[in-house]
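Student: structure of the sequence below:
(one chain, ligands or ions: 1)
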Amino acid sequence: MKKMKSILSVFLAALMLTLAIFPVSAASSLEEQWLNSEEAKRGITVNPGATESERNFSWYMAADVTECRVEISENEDMSDSKSFTGEIITTYQGDKSAKVTVTGLESEKTYYYTCVSGEEKSAVYSFTTDGDTFSALYMSDIHVYDNPEDETSLKDTSLAFAELIGKATAKAPLNLILAGGDLATEGQRVEYEGLTFSKASRELTFATIMGNHDRHSFDYKYFSNLPNEMYGPMSSYQSGNYYFEKGGVLFICIDTNNASAQAHRSTVKEAVKTHPDAKWRIVMMHHDLYGGSIPHRETECNLLRILFSPLFDEFNIDLVLMGHSHHYSISDVIYNGEKVGEIENGGTVNNARGTVYFVSTSIGRPEEEGEEAVAYSDRVAIGMDKLTDSYYNILDFSPEAIKVTSYNLETDEEYVSFTLTKDEDYEPEKIGFFRKLGGILAGFISNFYGIYVNADRYFGLKKAGYTGVGFFEYVF
Ligand SMILES: [Fe+2]
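Tutor: Got it, this is the predicted structure:
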């Protein structure tokens, strides 16, 4: 018996030593979360509300559920919770999507929540609100992918995104993710479930925009619940534009699958008009204007510059966050198509009278070995050294400054940083009459191009077997 005890104590000591040397890693805990498929398949997402005092929730529910609500509390045991009911939408697959808005949140506080679908309650998760100084993760082209020819692709790409969240939150105490489109490669339900399977993704506020890949099915429509949504001419069936304010920063999110610059002008105009005191104006959209290092995209970039740059000049947008090309680039400060300020690695630009255009790489689909870097356009201040690299970016916001820091996804080392500051001498540039008129006319004409783009997508979806939406409903 004595011998048995000593064997047991040696075994326990060895086990403790092993755990001390090889602690249970974040990866294995993500693995466990991945296996918890019931909860993972709910696609629980916390989107921004119109202001920091609100949050929008979205999740999938079974077809027979007739009631949805979010219970929210300041206490982890959910005591003294408040209940918010919402809207239920039937998805094209026939089950339900819950959309609930929670209001009355105070800044710099942690809240606990559970999503209730009829009789079923989710686990308890938490999120934290920010004050006037906050950080956010920006990245683009996550490309969660359920490749029919590779059965591990969905899990691999979903876990890669969850691991990225872990890396970013270790760099800065952030509560907001900004994702610049192509969240899912085929726009499939399972891919959005993969995107939101981790506990970490449900405990951050997720501001997304639709990429061209998200438009490969109807699912993006049911995955998100966005504030101040605006559907202008030629808006995508799956999503509109939207905007929100957080800590004095106005975020305007534009669905550039919609070719109508008229629709986008309406959104930017309304957002700016309703937030005259916002210290910073940020646009997030999928397609890039100055990516520039892919020759075959130059025609599209030129067209998008004609449509968008007058709009960003007119409304004095400070920073445009983009993706799509999968090629990292930061422009100089640009106004009226001309360089009006210089961006340098580690540098600061004070009172910029123009816009900085920032394109992030793809998280899930970096270029493959063998791709050659080609010359960037002369509007690009900083490009990428190696096309096979990927970066994620931490944006630090305060009333006085925005600091952008990019980190190499592989090594976690800082790659580039730059800072924009404003003081009491800041005077926004005023757009000239003809530039503004040109922008408005280009916006009107782009509606016709929008008809072509939407019709092309409609027939593409029909060919892929998506039904239930008529031609006129989809295209106009
Ligand atoms: Fe992409």
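Student: residues from the stretch 1-150 of the chain in reach of the ion?
Tutor: Neighbours of the ion within the stretch 1-150 of the chain, by CB under 5 Å from the ion: Asp141. Backbone N, C-alpha and C define where each C-beta goes, glycine included.
Student: ok, now which ones touch whichever residue of the stretch 1-150 of the chain sits closest to the ion?
Tutor: Proximity of the stretch 1-150 of the chain to the ion (CB to the ion) peaks at Asp141, 3.7 Å away. Counting by CB atoms under 8 Å, 6 or more residues apart in numbering, Asp141 touches 180-182, 211, 323-324, 326, 360-365.
Student: make it 7 Å
Tutor: The neighbours of Asp141, taking CB atoms under 7 Å, 6 or more residues apart in numbering as the test, are 182, 211, 323, 326, 362-365.
Student: where's it relative to Asp156, distance?
Tutor: Using CB to CB, to the nearest Å, Asp141 is found at 16 Å from Asp156.
Student: return the set of residues that bridge with Glu87.
Tutor: Counting by DSSP bridges, Glu87 is bridged to Lys99.
Student: I'd say it and Thr101 touch.
Tutor: No: between Glu87 and Thr101 there is no contact under CB atoms under 7 Å: 9.0 Å.
Student: quick revisit: need the pLDDT of the residue of the stretch 1-150 of the chain closest to the ion.
Tutor: For Asp141, the pLDDT comes out at 94.
Student: ramachandran angles for the closest residue in space to it that isn't next to it in sequence?
Tutor: Counting by CB to CB, 6 or more residues apart in numbering, Asp141 lies nearest to Ser362, which is 3.5 Å off, once chain neighbours are set aside. For Ser362, the backbone dihedrals (degrees, to the nearest 10) come out as phi -90, psi 140.
Student: how about the strands in the stretch 351-476 of the chain?
Tutor: For the stretch 351-476 of the chain, strands defined by DSSP state E, counting those that start in this stretch occupy the ranges 355-359, 380-382, 391-397, 401-408, 414-421.
Student: for the ion, what are the nearby residues on the stretch 151-300 of the chain?
Tutor: Along the stretch 151-300 of the chain, the residues adjacent to the ion under the rule CB under 5 Å from the ion are Asp182.
Student: any idea how far whichever residue of the stretch 151-300 of the chain sits closest to the ion is from Gly450?
Tutor: Closest residue of the stretch 151-300 of the chain to the ion, CB to the ion: Asp182 (3.5 Å). As judged by CB to CB, Asp182 and Gly450 stand 20 Å apart.
Student: the two: which is more packed in?
Tutor: Applying other CB atoms under 10 Å to Asp182 and Gly450 shows that Asp182 carries more neighbours, namely 27 against 24.
Student: wait, isn't the more buried one in contact with Ile209?
Tutor: No: with contacts counted by CB under 7 Å, Asp182 stays clear of Ile209, the gap being 9.6 Å.
Student: mutual contacts of those two, please.
Tutor: His286.
Student: what's the closest non-adjacent residue to Glu413?
Tutor: Tyr407 (6.7 Å).
Student: actually Thr91, sorry about that
Tutor: Using CB to CB, 6+ apart and skipping residues adjacent in sequence, the residue nearest Thr91 is Tyr222, 4.7 Å away.
Student: swap in Glu52?
Tutor: For Glu52, the spatially nearest residue (CB to CB, 6+ apart) is Lys246, at 5.1 Å.
Student: again with Leu30
Tutor: Ala162 (5.1 Å).
Student: likewise Tyr237?
Tutor: Excluding the flanking residues, the one nearest Tyr237 by CB to CB, 6+ apart is Tyr474, at 4.8 Å.
Student: in contact with the residue of the stretch 351-476 of the chain found nearest the ion, which residues?
Tutor: When scored by CB to the ion, the stretch 351-476 of the chain has Ser362 as its residue closest to the ion, at 5.5 Å. Going by CB under 7 Å, 6+ apart, Ser362 touches 140-141, 143, 326, 390.
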